[in-house]
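**Q** Model the structure of this input:
(chains A and B)
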Amino acid sequence: DAKTTQPPSMDCAEGRAANLPCNHSTISGNEYVYWYRQIHSQGPQYIIHGLKNNETNEMASLIITEDRKSSTLILPHATLRDTAVYYCIVRVEGSSNTGKLIFGQGTTLQVKP
Amino acid sequence: GAVVSQHPSRVICKSGTSVKIECRSLDFQATTMFWYRQFPKQSLMLMATSNEGSKATYEQGVEKDKFLINHASLTLSTLTVTSAHPEDSSFYICSASRKWRGEKLFFGSGTQLSVL
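**A** Alright, predicted model coming up:
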């Protein structure tokens, strides 16, 4: 079972910031939070990941709360090409430490002109 | 950046035949590869985890004799759908990792399997 909960859908105006929330209240101390997105009929695309500190790269920013029970992915200036399903994933530790990713239902972000 | 190549991107086959899907890590050695399937309008479902040189670990409910996984080298894993039936029609996606802790997974572009 996925260890995260996300709103099923969100809208955002083109050019504005898109803030996608994620709850992961049962996260363990050494589990990372990953964000991927999937555009229709393609493989998931990596966006960003973090453990405790906030992270920023050329695509997005990741804000993790101090208690690590939730996070927010920020796309600073959303474009129409950012329309996709966004997945927030806590990377699971298996018995053999394989680090598999278990996908939840994600958030469908619709960027509108 | 690291690239995972998946082939073929689309395959149509007759019921009862077997289909092989390849997943290659192009510029890194993948100690672990994962196979997912995705039905329309649904999320990705993990099918199995494969480690180079050892047997794959299948998720609950996934038939290991139906979905044969081979990870013979650090750059190649294959998924064979044996005796395919229409209900096996799905989008299959592989991913690869150099190491798991704090390292992102790289995904292939997926294979759309249609069984007639």
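
**Q** Flag the shaky bits of the chain, pLDDT-wise.
**A** Since you didn't name a chain, this refers to chain A. A:1-2, A:92-98 (pLDDT under 70).

**Q** ah, no, chain B please
**A** Counting by pLDDT under 70, the ranges of chain B that qualify are B:1-2, B:99-102.

**Q** how about the residues of it that lie near chain A?
**A** B:4, B:6, B:32, B:34, B:36, B:43-46, B:49, B:51, B:57, B:91, B:93, B:95, B:97, B:99-110, B:112 (CB under 8 Å from any CB of the partner chain). The C-beta positions use only the backbone N, C-alpha and C, and glycine is treated the same way.

**Q** Quick one: end-to-end distance for stretch B:78-98.
**A** Using CA to CA, to the nearest Å, the gap from the first to the last residue of stretch B:78-98 comes to 17 Å.

**Q** ok, now stretch B:30-50?
**A** 10 Å.

**Q** Repeat that for stretch B:4-11.
**A** 19 Å.

**Q** mind listing what's buried in it?
**A** Buried positions in stretch B:4-11, judged by neighbour count with 16 or more other CB atoms under 10 Å in any protein chain shown: B:4, B:6, B:11.

**Q** got it, and stretch B:79-87?
**A** Neighbour-count burial for stretch B:79-87 flags B:79, B:81, B:84 (criterion: 16+ other CB under 10 Å).

**Q** So which residues make contact with it?
**A** For stretch B:79-87, contacts defined as CB atoms under 8 Å, 6 or more residues apart in numbering or on different chains pick out B:13, B:15-21, B:23, B:35, B:47, B:65-70, B:88, B:92, B:94, B:113, B:115-116.

**Q** go with 7 Å
**A** Residues from elsewhere that reach stretch B:79-87 (CB atoms under 7 Å, 6 or more residues apart in numbering or on different chains): B:13, B:15-21, B:35, B:66-69, B:88, B:92, B:113, B:115.

**Q** With secondary structure as new columns, can the buried residues of stretch B:79-87 be given to me in JSON lines?
**A** Below are the buried residues of stretch B:79-87 laid out as JSON lines (DSSP: H, G, I helix; E, B strand; the rest coil):
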{"residue": "B:Leu79", "secondary structure": "strand"}
{"residue": "B:Val81", "secondary structure": "strand"}
{"residue": "B:Ala84", "secondary structure": "coil"}
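
**Q** wait, A:Lys100 sits on B:Thr49?
**A** Yes. Using CB atoms under 7 Å, A:Lys100 is in contact with B:Thr49, at 5.6 Å.

**Q** Can I get stretch A:59-67 in PDB? Just the C-alpha atoms.
**A** C-alpha atoms of stretch A:59-67 as PDB (Å, rounded to 0.1, in the frame of the first residue of the first chain):
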ATOM      1  CA  MET A  59      12.400  21.900 -12.300                       C
ATOM      2  CA  ALA A  60      10.900  22.400  -8.900                       C
ATOM      3  CA  SER A  61      11.200  23.000  -5.200                       C
ATOM      4  CA  LEU A  62      10.400  20.600  -2.400                       C
ATOM      5  CA  ILE A  63       9.300  21.800   0.900                       C
ATOM      6  CA  ILE A  64       9.300  19.200   3.700                       C
ATOM      7  CA  THR A  65       7.800  20.100   7.100                       C
ATOM      8  CA  GLU A  66       9.900  19.900  10.100                       C
ATOM      9  CA  ASP A  67       8.100  16.800  11.400                       C
END
